[in-house]
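*Asks:* Sequence below, structure please.
(chains A and B)
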Amino acid sequence: MTTGHIVSGSRHAHEAWSPTRGREIIADHLPLEGATLPILHALQETFGYVPQDAIPLIADAMNLSRAEVHGTFTFYHDFRHEPAGKHVVKICVAEACQAAGGHVTSAKVGEALDCAYGETRADGQVTLEPIYCLGLCACAPAAMVNGRLIGRLDDEAIDEIAAEVRS
Amino acid sequence: MTARIYVPCDAAAVALGADKVAKAFADAFAARGLDVQIVRNGSRGMFWLEPLVEVVTPFGRRVGYGPVKPRDVDALIDGGLLEGRGGPLYLDNVEKIPFFAKQERFTFKRVGLTDPVSLDDYLAHGGYKGLERAIAIGPSETVEQVFESGLRGRGGAGFPTGIKWRTVAACAPGKKYIVCNADEGDSGTFADRMIMEGDPFQLIEGMTIAGVAVGADKGYVYCRSEYPHAVAAMNKAVAAARKAGYLGSRIAGSEYDFDMEIRVGAGAYVCGEETSLLESLEGRRGLVRAKPPLPAHKGLFGKPTVINNVISLASVPFIMAEGAKAYADVGFGRSRGTMPIQLAGNVKHGGLYEIAFGVTLGELVEEVGGGTFTGRPVRAVQVGGPLGAYFPRELFDTPFDYEAFAKKDGLIGHGGIVIFDDSVDMAKQARFAMEFCSVESCGKCTPCRIGSTRGVEVMDKIIAGVEREKNLTILEDLSNTMKFGSLCALGGFTPYPVMSALTHFPEDFGRGSVPMAAE
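*Replies:* Numbering: from 1, shown residues only, chains lettered A, B, ... in the order given. The predicted structure is shown next:
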């Protein structure tokens, strides 16, 4: 028997974009005050990204201009304009991780995955992103791989990430 | 009686393998037919010992083992872990470890001790005593208690919390909000995360007390998306509090109504600035608002709003339960109470250290933190996140206090200390500060938006050795413009890391040593 709050790091399959499903999700969140961010999060959770076609639907439902919704959508680093790779690897590049050798580690990860930061590899297998702080600053350098947290990122852990990305 | 062990579910413990350790224990106990309850507690904040497993022995003692790897589990059980027997990983009573024993845990007293999402556990450890008192003494007396405690905003600005509350309480009755700033984006900080994951009810209680005190019936926690474990814990705790009547209408059988929601940010550092956060909560781009009007007068959706950091709000239940004096009795100068200090980066004993203000930077880095994990000498520490100054060893006698740091052209910010060894290149760190600002700038004001981009270009020239002195003059001028011309702390404080790096480590910028560094 266990207690506590457990967050699973496993990936789940995303649905293909459908306007009907999109409208449903938007309608579910409309009663919230300031619903735009919760809607964008929910759409991304379902489809893996926020399809361009969803923007006018949000604008319509919320009685906002498309420009305003587009502005909100594009302001935030988290919201994806297109689907990510099969695996998503985020490497912390903020100061605490830098102090713990993060410059070297982040470069090694890029080489091991053969992927540039901020890019999805051509074969769609992995998206590699820099992240500014995971709050794991006392066990740096840190990473998040498919939602799973890794502290004290070393060569062995990088090999494991590379192996996971090959799968 | 069922035996009980504790395996933390704190995100940092999980990042070091705590989930795998918990599973290994569950499997091993099942294989042996042992009935053992595995409690997923918060972290004690000693990350060099994580995953730190604790056991309640048959004699009622609580002893720890760490750092535990999944492969250690069988040997630990066979070696008598459930009876609290010794072994290579044995730590005895973890509260006796000097790092822990020397702390003054007011706000973190339950973190690591209890099951974070068990309301029963929270109540058994003094939870909701603060709310009980707030309801008993009434709103205006509650505001005065918070004022008298001397509590200042733990997000970084250090503004007296009691004055914010007084201002909102004085607004005409009507819709008001309590907003908790949980957008803890500073590198080197994780105190908010640990509270939300390790004692979420305390934050809920703090917000509820704020609601009672100022006459607000709705609260929002704006938590950054990089903290999924904190979001999960908060949501679970809010649901439990609501079910037990601590949230909703007529909370805890009183005449007051208060309910709250957890909202998730989307990866914008600037949304930790309070007006940008309010814009984001309202569903817009996180553009900073000009002040006035203050959020206390016109905040969320234009209504009077108390907006406080997680630690500020989580400190309130202690203040209400133990009295303002108990909190104000410790501290230094105008900085009253305790500060959860976070030791991070290249540090041997990294973690959460809650202590009264006044401890010196040197004590924290050398004695508490034990220096670097690489074993090399400490060269610089950055205090207060990406907008905080870099301090050299020569400033290690600075007491941890808002005013003392300001006097040395630094800030304590949210209490994070990032330690660097002598391999650090301070010109590169200055360039990073400008780059970070350019990536995260909301774009509303010119000094921040354009200045940071120009700052990166100028730093590139300085690093490449192109007309160094001329470009250093431009850098100083640019920093001055950003400092005094920016709308908020992002553009306004980015010059702190840049100029402190240049002032204290001029040799890294190709300038001769200044007298102080040569001492």
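
*Asks:* what's the pLDDT at residue 84?
*Replies:* Using chain A. Note for A:A84: predicted pLDDT of 96.

*Asks:* look at chain B instead
*Replies:* Looking at B:G84, the pLDDT reads 94.

*Asks:* how about it, what does it touch?
*Replies:* By C-beta atoms under 8 Å, 6 or more residues apart in numbering or on different chains, the contact set of B:G84 is B:55, B:57, B:59, B:61, B:63. C-beta coordinates here come from the backbone N, C-alpha and C atoms, glycine included.

*Asks:* Taking the residues you listed together, which two end up most distant?
*Replies:* Maximum pairwise distance among the contacts of B:G84 (C-beta to C-beta): 11.2 Å, between B:V55 and B:F59.

*Asks:* out of those two, which sits in the more crowded spot?
*Replies:* B:V55 (22 against 7; other C-beta atoms under 10 Å in any protein chain shown).

*Asks:* That one touches B:L76, doesn't it?
*Replies:* No. In this structure B:V55 lies outside contact range of B:L76 using C-beta atoms under 8 Å: 9.1 Å.

*Asks:* overlap in contacts of these two?
*Replies:* With C-beta under 8 Å, 6+ apart, B:V55 and B:L76 have common neighbours B:Y65.

*Asks:* got JSON lines for the contacts of B:G84, with secondary structure, pLDDT and distance to chain A too?
*Replies:* Shown next, in JSON lines, are those (DSSP: H, G, I helix; E, B strand; the rest coil; pLDDT from 0 to 100; distance: C-beta to the nearest C-beta, whole Å):
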{"residue": "B:V55", "secondary structure": "strand", "pLDDT": "97", "distance to chain A": "15"}
{"residue": "B:T57", "secondary structure": "coil", "pLDDT": "92", "distance to chain A": "19"}
{"residue": "B:F59", "secondary structure": "coil", "pLDDT": "88", "distance to chain A": "23"}
{"residue": "B:R61", "secondary structure": "coil", "pLDDT": "93", "distance to chain A": "21"}
{"residue": "B:V63", "secondary structure": "strand", "pLDDT": "97", "distance to chain A": "20"}
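
*Asks:* just the strands in chain A please.
*Replies:* With DSSP state E as the criterion, chain A has strands at A:87-92, A:119-120, A:126-131, A:143-145, A:148-150.

*Asks:* Ok, which of the ones you listed comes nearest chain B?
*Replies:* strand A:148-150 (3.8 Å; C-beta to the nearest C-beta).

*Asks:* Output the below-cut-off pLDDT ranges for chain A.
*Replies:* A:1-12 (pLDDT under 70).

*Asks:* B:R166: which element?
*Replies:* helix B:161-170 (DSSP states H and E).

*Asks:* so what secondary structure elements neighbour that helix?
*Replies:* helix B:139-148, helix B:200-214, strand B:305-309 (3 or more C-beta pairs under 8 Å, 6 or more residues apart in numbering or on different chains; DSSP states H and E).

*Asks:* in the shortest one, what's buried?
*Replies:* Spelled out, it's strand B:305-309. By neighbour count on 16 or more other C-beta atoms under 10 Å in any protein chain shown, the buried set for strand B:305-309 is B:305-309.

*Asks:* For the helix or strand where B:S452 lies, C-alpha coordinates in CSV please.
*Replies:* With secondary structure defined by DSSP H and E, B:S452 is part of helix B:446-464. Only the C-alpha atoms of helix B:446-464 are listed here, as CSV (Å, rounded to 0.1, in the frame of the first residue of the first chain):
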residue,chain,number,x,y,z
THR,B,446,12.2,49.0,-24.9
PRO,B,447,15.1,48.9,-22.4
CYS,B,448,14.4,45.2,-21.6
ARG,B,449,13.4,44.0,-25.1
ILE,B,450,16.1,45.8,-27.1
GLY,B,451,18.6,46.3,-24.3
SER,B,452,19.0,42.6,-23.6
THR,B,453,19.6,41.7,-27.3
ARG,B,454,22.1,44.5,-27.6
GLY,B,455,23.6,43.2,-24.3
VAL,B,456,24.2,39.8,-25.8
GLU,B,457,25.9,41.4,-28.9
VAL,B,458,28.1,43.6,-26.8
MET,B,459,29.1,40.6,-24.5
ASP,B,460,30.0,38.6,-27.6
LYS,B,461,32.4,41.4,-28.7
ILE,B,462,33.9,41.6,-25.3
ILE,B,463,34.4,37.9,-25.1
ALA,B,464,36.0,37.9,-28.6
